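Enquirer: With the sequence up front, the predicted model follows.
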Amino acid sequence: MLDHLTVVRHPLVQHKLTLMREKTTSTAVFRQLLREISLLLAYEVTRELEMTHKHIETPMRGMDAEVLAGRKLALVSILRAGNGLLDGILELIPSARVGFVGLYRDEETLRPVQYYFKVPSELDERTVIVVDPMLATGNSSVAAIDLLKKAGAKRIRFLCLLAAPEGVERMREAHPDVPVVTAAVDEKLNEHGYIVPGLGDAGDRMYGTR
């Protein structure tokens, strides 16, 4: 089992994250960097997947080789910004099943409001990786995982690009059984609930919206 919090300090992850933080980075470059960094983070979040063996024939001889055990992974994106991480991970795990949780943050209460939920079947038999670039207040992430557990998910991992200490603690309190993998834990949240120093609104920067 992964620790509750894993910070991926690989040099390539940290370099790409720095480029993404810069306010002068263009939408196209930000999107490409997010795709690239998601591949590196996916390597970490999938490190301890269960394995089994199957007999295969190489050009030289037969052997019992390792393959992933159980049903295919489920990747669940918290809309909309989660799709930026999702696209990159699907390049690494193209056979994964995909689900979506639609939540938006009420700017006054900072509480999540659900507007969409569509996930793969048999979640109780799959490892579920939830993706969202930012773990800020943690309210949306906790709400998404609440919904997934109600839908039967038992083995859940959460992958984000950046986290705030407040979000990490919120997740630890609400879902201590869900490991969190991130590229960095920043200083704090500001009065508007945004991560500082952060990189701004990931969805806006990815899609060029305001």
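Expert: Happy to help now that I have it. Numbering: from 1, shown residues only.
Enquirer: nearest residue to residue 169 other than its sequence neighbours?
Expert: residue 138 (7.5 Å; CB to CB, 6 or more residues apart in numbering). Where C-beta positions appear, they are placed from N, C-alpha and C, glycine not excepted.
Enquirer: Now for the one you found: which residues touch it?
Expert: 166, 167, 168, 169, 170, 171, 174 (CB atoms under 8 Å, 6 or more residues apart in numbering).
Enquirer: Among the residues you listed, give me the pair with the biggest separation.
Expert: 166 and 174 (12.5 Å; CB to CB).
Enquirer: got the buried residues for the helix or strand of the chain with the lowest mean pLDDT?
Expert: Within the chain, no helix or strand scores below helix 202-207, which has a mean of 87 by mean pLDDT, DSSP states H and E. Within helix 202-207, the residues that qualify as buried are 202, 203, 205, 206, counting by 16 or more other CB atoms under 10 Å.
Enquirer: Quick one: distance of that helix to the chain centre.
Expert: 16 Å (CA atoms, centre = their mean, to the nearest Å).
Enquirer: For the lengthiest strand in the chain, which strands pair with it and how are they oriented?
Expert: The longest strand of the chain (DSSP state E) is strand 97-105. Next to strand 97-105 in the sheet, as set by DSSP bridges, lie strand 74-79 (parallel), strand 112-118 (antiparallel).
Enquirer: hey, least reliable of these by pLDDT?
Expert: For these, mean pLDDT drops lowest on strand 112-118, to a mean of 90.
Enquirer: Any idea how far apart the tips of stretch 156-171 sit?
Expert: Chord length of stretch 156-171, first to last residue, is 12 Å (CA to CA, to the nearest Å).
Enquirer: I meant to write stretch 119-137 there.
Expert: 24 Å.
Enquirer: Return the set of buried residues in that stretch.
Expert: For stretch 119-137, the neighbour count (16+ other CB under 10 Å) marks 119-120, 123, 126-137 as buried.
Enquirer: so what does the helix or strand encompassing residue 87 touch, helix or strand wise?
Expert: Per DSSP states H and E: residue 87 is located in helix 82-92. Contacting helix 82-92 under the criterion 3 or more CB pairs under 8 Å, 6 or more residues apart in numbering; DSSP states H and E are the following elements: helix 27-45, strand 74-79, strand 127-131.
Enquirer: Among the ones you listed, which comes closest to residue 112?
Expert: Going by CB to CB, the one of the helices and strands packed on helix 82-92 nearest residue 112 is strand 74-79, 9.1 Å.
Enquirer: circling back to that earlier point, switch the helices and strands packed on helix 82-92 over to a markdown table; also include distance to residue 87.
Expert: A markdown table is the format used below for the helices and strands packed on helix 82-92 (distance: least, CB to CB, whole Å):
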| stretch | distance to residue 87 |
| --- | --- |
| helix 27-45 | 6 |
| strand 74-79 | 9 |
| strand 127-131 | 10 |
